[in-house]
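Whatever this is, show me its structure:
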Amino acid sequence: MRSFSTLTVLSAGVALLGACAPAADSAVEAAEAPEMSVTAPQDVPCFLRRGTAEEAAQRPSPLGETAITLGGQTGKICYGRPSARGRTIFGELEAYGTPWRTGANEATALHLPFPSSIGGIEMEAGSYSLYTVPGETEWEVVLNRNVERWGIPIDDALREADVGSFTVPSEATEAPVEQLTFRWEAQGQDTGQLVLEWENTRIRIPIAGSEM
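From the prediction side, this is the model:
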């Protein structure tokens, strides 16, 4: 929290700078206040191990972002988007029962500016990585505190940072999906599903607002 004296100085600066200044002062204040990075992670850029966002867009598995909107606030998921390219993905390329980064390149990451319940797990506002364990009829979805990392390996050291996990059923898509895709399906103001589709498989990850 800021001290009273700091707030007094900022308020005086706003009053002196006039009508155009508040937006700039607010940006400075947000940058100076560590707590704001937790409450507004939608402003956090997707982590890249190397290169620029423009270069990441040109990768064989380009960087993707999908907005997640709950209660009037917007977060996002960042993930690499591999293509099937004629391969059998689940059960062969990604073996059943084996942890999968659920994307490509850097770890798949959720940036949520609001407390939420993800698959029944109560989550504080902030950033988390996500990986899965695909199965023939259901998948395990795992949430992890270690965000800014390469997506593999998923080993015992990484799992020590797991927040929790839950299972969701898998279903067949109506048509093949060439490139891994996450989309957000809102179901009212405070609930929705983060839908993953790739090859012939779809899973739905429920996310709801929380009052933690």
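
what packs against the longest strand along the chain?
Identified as the longest strand of the chain according to DSSP state E is strand 162-186. Here strand 162-186 touches strand 63-70, strand 73-80, strand 121-123, strand 138-144, strand 191-209, going by 3 or more C-beta pairs under 8 Å, 6 or more residues apart in numbering; DSSP states H and E. Every C-beta, even on glycine, is put in place using the N, C-alpha and C of the backbone.

So which elements touch the longest one?
If you count contacts as 3+ C-beta pairs under 8 Å, 6+ apart, strand 191-209 packs onto strand 63-70, strand 116-118, strand 138-144, strand 162-186.

about what we covered before: most tightly surrounded among the helices and strands packed on strand 162-186?
Stretch with highest mean neighbour count among these: strand 73-80 (a mean of 22; mean count of other C-beta atoms under 10 Å).

what is the mean pLDDT for whichever helix or strand comes after that strand?
Beyond strand 73-80 on the C-terminal side, the first helix or strand identified by DSSP states H and E is strand 108-112. Across strand 108-112, the average pLDDT comes to 97.

what angle sits between strand 108-112 and strand 191-209?
70 degrees (axes from the mean of the first three to the mean of the last three C-alpha atoms, to 10 degrees).

Just name the shakiest helix or strand of the protein by mean pLDDT.
helix 21-32 (a mean of 33; mean pLDDT, DSSP states H and E).

Which among the helices and strands packed on strand 162-186 is found nearest to residue 52?
strand 63-70 (10.2 Å; C-beta to C-beta).

Which secondary structure elements does that closest one sit against?
So strand 63-70, by 3+ C-beta pairs under 8 Å, 6+ apart, packs with strand 73-80, strand 162-186, strand 191-209.

Can you check what angle separates the last one from strand 162-186?
Angular relation of strand 191-209 and strand 162-186 on a 0 to 180 degree scale: 140 degrees, by the same axes, to 10 degrees.

how many other residues sit next to residue 127?
19 (other C-beta atoms under 10 Å).

gap between the helix or strand residue 128 falls within and the chain center?
Element membership of residue 128, judged by DSSP H and E, is strand 126-133. Strand 126-133 sits 7 Å away from the centroid of its parent chain (C-alpha atoms, centre = their mean, to the nearest Å).

Noted, bye for now.
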